[in-house]
Structures are given as C-alpha cells and as structure tokens.
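**Q** predicted model and sequence below, questions to follow.
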Amino acid sequence: MTESALRRGSPEAVVFLNGAYSEDMGLFSGLVENDPFKAEIMRQLYSQVFATAMPSVKNGLNSRQRSLAKIESERMFQVYFKQQVYRREEFSKILHSAISPASNAKLPCE
C-alpha cells in the first residue's frame, strides 16, 4: 500500500519508505525487507521531494549502483511528484497531526 501511495505522489510514502528499506525501527520498518538499493533511491528521492541535502551513507553500493539509484529517484520525482517540492517544516506538522490522537479522543484501549 505504501508503494502504491508513492506512485500516486504521496510525500508521506517517501518518509516511511526512506527508513523502512534501511532499518528496522518500528513495526512498519520491521515488515519491509531491507534493501540497500531501494534505500538509496528513497534517500535521494527524499532529498528531491523535500529539497534538503541528505548525508551520504555507507550502504555497500558501488558507484554504478548509486548512479542507477539517482537516475531512478529522478524518474520517480518527475513521474510521481511532477517535480513538486514540499516544505519539510509544513509537512512535519501535517504528518504529526495525522498520526497524533485528538486531545479529547479516547484511544481504543481506554
């Protein structure tokens, strides 16, 4: 479902998949198989979607694989996002409000 959301140009999908392909920190990330090549694509796509420099990482990819990941991330940015850039600060507020329960709402376990 998250990859389908990515193909529809969802910046939320970029955020979740950026971490999911490279680490197992949380239930969602633990369900997604780690893949250094896909992780590099998402890292570069994140950088494009949010117009932010991402630190380089040691992921075991060679220069050809990194180049292919860059080509794929640029294709995704063009096709899925129509090169639309999102402001990280505004997006973080939207994402936070979407995953935070309303202050007066009861959780299912209450």
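**A** Alright, I've got the coordinates.
**Q** use CA for all of it now, contacts and neighbours both
**A** Fine.
**Q** quick one: the helices in this protein?
**A** Listed from the start of the chain, the chain has helices (DSSP state H) covering 2-7, 11-20, 27-31, 36-49, 63-81, 88-99.
**Q** compare these and give me the one nearest V57.
**A** With distances scored as Cα to Cα, the stretch of the helices of the chain nearest to V57 is helix 36-49 (8.7 Å).
**Q** what's the most buried one of the helices of the chain?
**A** For the helices of the chain, the stretch with the most neighbours on average is helix 36-49, a mean of 23; neighbours defined as mean count of other Cα atoms under 10 Å.
**Q** surely P36 meets S22?
**A** Yes. Shown here, P36 and S22 form a contact pair, counting by Cα atoms under 8 Å, at 6.3 Å.
**Q** tell me where the model's unsure across this protein.
**A** 27-30, 90-110 (pLDDT under 70).
**Q** so which residue is dead centre in the chain?
**A** Taking Cα atoms, centre = their mean, the centroid of the chain lies closest to V14, which sits 2.3 Å from it.
**Q** where's it relative to Q78, distance?
**A** Here V14 is placed at a distance of 14 Å from Q78 (Cα to Cα, to the nearest Å).
**Q** do the same with S4
**A** S4 is 16 Å from Q78, where distance means Cα to Cα.
**Q** starting at the chain centroid, how far to stretch 45-58?
**A** A distance of 10 Å separates the centroid of the chain from that of stretch 45-58, by Cα atoms, centre = their mean, to the nearest Å.
**Q** how long is that stretch end to end?
**A** In terms of Cα to Cα, the two terminal residues of stretch 45-58 are separated by 17 Å.
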